[in-house]
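Chemist: Structure of the sequence below:
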Amino acid sequence: MTLYRDEGVVLRTQKLGEADRIVTVLTRRGGRIRAAAKGVRKTRSRFGARLEPFTHVDLQLYERRSLDLITQAETLRPYGEGLVTDYPRYTAGTAMLETAEKLTSEEGEPALRQFLLLVGGLRTLVERAHDPRLVLDAFLLRSLSVAGWAPALDECCRCGDRGGLRGFAIAAGGAVCARCRQPGAATPAPPTFALMLALLRGDWEYADDSEPRHRAECSGLVAAYLQWHLEHGIRSLRHVEPEDSAASRPGRGTTDDDPNDREPV
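Modeler: Residues are numbered from 1 along each chain as shown. Okay, the predicted model is just below:
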């Protein structure tokens, strides 16, 4: 039984007894963990507000046979403060948290790249430099890539042909050429393929200049591809607003985050 420290992003919480909570955190070194936080539902709790979803925290934990116990919590970056008043960004962030939890299915297995992607994605949402749905789609595509499920976007996933892409076959692994396309495959416009590739590679100049219809098509394909690989739905996605929502016009902001301490989105 030992004390240890780690930093992480709070993914979700659930009630435990009358005053406690179970906190699910994606940590830098330990991957996804579940730990108990004693008394955090009391109004006089020392660190209850620091253990809310979206918060990047530094934790001290006491190792136990069942749930480890959180003994200290210090806020590093309160991303939730910049999201809760903006519905499109809040729902996009919620979908990020749920996806990060689902893609780190083994508790306690290191998941550094997924952690860095999540920190980078939340920071990008808070900065308001890009449309929240674009940020979410970029996060989903890169998270799938980290998990080993990156879709083929610039070549046929069946034959490797780089020209004449005519469809997107989810079960096959991405783009397919006219020869390999089978019934039931989606038929996205060429700019939609280009947008998906731009989001995967971080080409925000192209993504920001894309047309709404291609963004909507991209979002539908990314969501379907993600949920097919997870074999169940991401409930938060149903609440994400379309990218052209009037409430989601991008602005600009700054944070004191260290740009070298995250994987860019």
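Chemist: Strands of the stretch 51-200 of the chain, start to end?
Modeler: 55-62, 68-78, 165-169, 174-177 (DSSP state E, counting those that start in this stretch).
Chemist: winner for burial among those?
Modeler: Stretch with highest mean neighbour count among these: strand 174-177 (a mean of 24; mean count of other CB atoms under 10 Å). C-beta: built from backbone N, CA, C; applies to glycine.
Chemist: how about the CA coordinates for that strand, as CSV?
Modeler: C-alpha atoms of strand 174-177 as CSV (Å, rounded to 0.1, in the frame of the first residue of the first chain):
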residue,chain,number,x,y,z
GLY,A,174,-12.0,3.5,-45.5
ALA,A,175,-11.8,4.8,-49.1
VAL,A,176,-12.3,2.4,-52.0
CYS,A,177,-11.8,2.8,-55.7
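Chemist: what's the distance between that strand and the middle of its chain?
Modeler: 25 Å (CA atoms, centre = their mean, to the nearest Å).
Chemist: Can you list the helices and strands that it packs against?
Modeler: Strand 174-177 sits against strand 165-169, with contacts defined as 3 or more CB pairs under 8 Å, 6 or more residues apart in numbering; DSSP states H and E.
Chemist: how about 10 Å then?
Modeler: Packing partners of strand 174-177 (3 or more CB pairs under 10 Å, 6 or more residues apart in numbering; DSSP states H and E): strand 165-169, helix 190-201.
Chemist: following the last one, which helix or strand comes up?
Modeler: It stands for helix 190-201. Toward the C-terminus, helix 190-201 is succeeded by helix 204-208 as the next helix or strand (DSSP states H and E).
Chemist: Name the residues of that next one that are buried.
Modeler: Within helix 204-208, the residues that count as buried by 16 or more other CB atoms under 10 Å are 204, 207.
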